[in-house]
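*Asks:* Sequence and predicted structure are below.
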Amino acid sequence: MNIHEHQAKELFADYGVPCQSGKIAATREEIAGALVDFPDTGKIVVKSQIHAGGRGKGTFLDGYKGGVKLASSKKEAAEIAEKMLGNTLVTQQTGPAGRQVQTVYFTEATDIKKEYYLAILLDRATSKPVVIASTEGGMDIEKVAEELPDKIIRTFIDPTIGIQGFQARQIAFALGFEGDQIKQMTKLVMNLYRLFDEKDCAMVEINPLIVTPEGHIMALDAKVSFDDNALFRQPEIRNLRDLNEEDPKEIEASKHGLNYIALDGNIACLVNGAGLAMATMDIIKYFGGSPANFLDVGGSANEEQVTHAFKIILSDPNVKGILVNIFGGIMKCDIIANGIIAAAKSVSIKVPLVVRLEGTNVEMGKKLLQESGLSLVAADSLAEAAEKIVQLASK
Ligand code: GDP
Ligand code: MG
C-alpha cells in the first residue's frame, strides 16, 4: 500500500526525520485556509499529491507543466493550486493516462545547497533490509545505478538486531558529511530505519535529501509504501489508504480475497496459484497475445469467489477473451466449473472463453461444463489453451 507525500511527512515528523511542515487542500475552497499560516513574503512549494514519483518533471493533460512548482507569493501559490486540483498529471511513473490530482500540498520553500538520495527497502536476494544512499540526489536513481554504479552505497541490515550506530555513521562518512552533519545524518538514518521497521514498510525513499545553506539536513520529498501482508497489525496505517489512487477492480478483488492486478492487455486470465498465473501470462505472450490481468483465485477459493472473479475480469472493457487455467490440487475442478456456470448466469459472457482444467475432480468439472450448455472451448494442455484464446481474441 502506498501513501501520499504529506502523509509520509507526518510519519517522518513523528519519527524525528527532519522535513518541512505543510498544509493540504483538497478543494478550491480549502486553498485560502491552507495558506493562512504561511508568511506573506517568501517562497512556497505547491506539490500535487498523487501516488507516483517524477511529479516535478510531469505535465498535466491540459499542457500545464510541472506537478511540483515554486511560487513566490501566497497569491501565486493559490493560482498554481487551482490549476493542479482536479487536473490530471502525467509523469514517467503514471503511464500515459496519468493520475487526477485530488489534493495539493503547500510547504515553505527551502534553499538547497546539495541534494542526496536515501532509501530503505527490502533486498529479496539477502532477505535483509538495505539502506541505499547516494550523493547523486534529485535525479532518477535508476539512471545513477546504470551510469554511475559506484555512486550507490548499499548497507545491509540484520533484521534481528536492527541498524547499528556504526552502520549509520559509515553511511554519513561515505556521503562525505563532516562535523555536526555526521551527527544529524546518523540520527536521521537511525530514525528512518525505526520507521521502516516499526511500521512494516516495504520502502521509504527520500529523493532528494538535502543540505540547506545553513547546514541542516532534511527530507524534501517522501515516498513510503507498506507491506500489505502486515496491514492487519497497522490500523493507523490502514486508515491512510486512498482508494482514489487504486484501480476499482483491484479494490473489489481485495474485498473477496482475490489476488488481482490489472494490466493493459486484452486476454483475461483466471488461474489458481501465483506461479501458474505467471506461467499463464508468459504463455499468452509467447503465442502473441497480451494479458489483461494477473489473477490468482488461491488454493481454496469457493464458488462465490470464482463468480466475483469473473465479474471483475469482465468489468474491464478491454477484455476480448478469457482463459481459465486451473490445476486442481487443493482446489477442485468441479468447484471452478460451478463457479463458471454461476458467473455465466449472473453476468453474460460475450467474449470467447477457453477453459483448461486438470487435476482433482477434473472429469466431474468437465462434465458439469459440458452439460451446462455454456459456449466455451475446452483445452487439454496449457499451450493449446493459450494458443486458442489468442486466436479467438484477435478475431
Ligand atoms: P518528485 O518530482 O515527484 O520527485 O517531487 P519532489 O518532492 O522531489 O520535488 C521535485 C523537485 O522540486 C525537487 O527535486 C526539487 O528540485 C524541487 N523542490 C521541491 N521542494 C523544494 C524547495 O523547498 N526548494 C527548492 N529550491 N526546490 C524544491
Ligand atoms: Mg522526488
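*Replies:* In hand now; what should we look at? Keep in mind it's a predicted model, so treat the numbers as computed, not measured. Numbers count the residues shown, from 1 in each chain. Ligands and ions are numbered 1, 2, ... in the order given.

*Asks:* Could you use CA atoms for every contact and neighbour count after this?
*Replies:* Fine.

*Asks:* What does D247 show for phi and psi?
*Replies:* Dihedral angles of D247 (phi, psi; degrees, to the nearest 10) stand at phi -70, psi 130.

*Asks:* From I312, how far off is it?
*Replies:* Counting by CA to CA, to the nearest Å, the gap from D247 to I312 is 11 Å.

*Asks:* And for M190?
*Replies:* Relative to I312, and taking CA to CA, M190 is found at 43 Å.

*Asks:* These two: which has the busier surroundings?
*Replies:* M190 (21 against 18; other CA atoms under 10 Å).

*Asks:* Spell out the residue ranges of the strands in the stretch 1-150 of the chain.
*Replies:* For the stretch 1-150 of the chain, the strands defined by DSSP state E, counting those that start in this stretch occupy 22-25, 44-48, 59-60, 68-71, 88-90, 99-100, 104-108, 114-123, 128-134.

*Asks:* anything in the third one near ligand 1?
*Replies:* No. Between strand 59-60 and ligand 1, judged by CA under 6 Å from any ligand atom, nothing touches; the nearest distance is 11.1 Å.

*Asks:* separation between F327 and I336?
*Replies:* According to CA to CA, F327 and I336 sit 10 Å apart.

*Asks:* Could you do V90 as well?
*Replies:* Counting by CA to CA, the gap from V90 to I336 is 40 Å.

*Asks:* List the buried residues for the helix or strand containing I341?
*Replies:* Under the criterion of DSSP states H and E, I341 resides in helix 333-346. By 16 or more other CA atoms under 10 Å, the buried positions in helix 333-346 come out as 333-344.

*Asks:* Please list all residues in contact with S375.
*Replies:* Applying CA atoms under 8 Å, 6 or more residues apart in numbering, we find S375 in contact with L353.

*Asks:* three-state assignment of it?
*Replies:* coil (DSSP: H, G, I helix; E, B strand; the rest coil).

*Asks:* Pull the number of nearby residues for the closest residue to ligand 1 within the stretch 151-300 of the chain.
*Replies:* Distances between the stretch 151-300 of the chain and ligand 1 by CA to the nearest ligand atom are smallest at D221, namely 4.0 Å. Here the number of neighbours of D221 (other CA under 10 Å) works out to 20.

*Asks:* I'd say it and E5 touch.
*Replies:* Yes. With contact defined as CA atoms under 8 Å, D221 reaches E5; the gap is 6.9 Å.

*Asks:* returning to what we had before: as TSV, the buried residues of helix 333-346 with pLDDT would be great.
*Replies:* Putting the buried residues of helix 333-346 into TSV (pLDDT from 0 to 100) gives the following:
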residue	pLDDT
C333	90
D334	90
I335	86
I336	85
A337	90
N338	89
G339	85
I340	86
I341	89
A342	87
A343	84
A344	82
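
*Asks:* so which of these are also by ligand 1?
*Replies:* Answer for those near ligand 1: none qualify (CA under 6 Å from any ligand atom).

*Asks:* Out of the residues you listed, which is nearest to ligand 1?
*Replies:* Looking across the buried residues of helix 333-346 and measuring by CA to the nearest ligand atom, the closest to ligand 1 is A343, at 42.0 Å.

*Asks:* Would you agree the closest one is in contact with I312?
*Replies:* No. Applying CA under 8 Å as the test, A343 and I312 come out as separate, 10.6 Å apart.

*Asks:* Near ligand 1, which residues of the stretch 1-150 of the chain are found?
*Replies:* Residues of the stretch 1-150 of the chain lying near ligand 1 by CA under 6 Å from any ligand atom: 45, 53-57, 68, 109-112, 138.

*Asks:* Tell me which two of those residues sit farthest apart.
*Replies:* Distance extremes for these: the farthest pair is G53 and D111 at 21.2 Å, using CA to CA.

*Asks:* Please identify which of the two sits among more neighbours.
*Replies:* Using other CA under 10 Å, the more surrounded residue of G53 and D111 is G53, with 20 against 11.

*Asks:* And for the nearest residue to that one once chain neighbours are set aside, the neighbour number?
*Replies:* Excluding its sequence neighbours, the residue lying closest to G53 (CA to CA, 6 or more residues apart in numbering) is Q93, at 6.1 Å. Counted with other CA under 10 Å, the neighbours of Q93 add up to 14.

*Asks:* Give me the pLDDT value at Q93.
*Replies:* pLDDT, Q93: 90.

*Asks:* ok, it - contacts?
*Replies:* For Q93, the contacting residues are 52-54, by CA under 8 Å, 6+ apart.

*Asks:* I'd like the distance between it and I50.
*Replies:* Note on Q93: its distance to I50, by CA to CA, is 11 Å.

*Asks:* Do a quick rundown of the strands in the stretch 251-395 of the chain.
*Replies:* Under the criterion DSSP E, counting those that start in this stretch, strands of the stretch 251-395 of the chain are mapped to 259-262, 267-271, 293-296, 321-328, 353-359, 377-379.

*Asks:* what does the last one rub up against?
*Replies:* The one in question is strand 377-379. Here strand 377-379 makes contact (CA under 8 Å, 6+ apart) with 352-357, 385.

*Asks:* switch to 6 Å and redo it
*Replies:* 354-356, 385 (CA atoms under 6 Å, 6 or more residues apart in numbering).

*Asks:* List the neighbouring strands of it plus their orientation.
*Replies:* strand 353-359 (parallel) (DSSP bridges).

*Asks:* Determine the angle, from 0 to 180 degrees, between the partner strand and helix 333-346.
*Replies:* Relative orientation of strand 353-359 versus helix 333-346 (axes from the mean of the first three to the mean of the last three CA atoms, to 10 degrees): 160 degrees.
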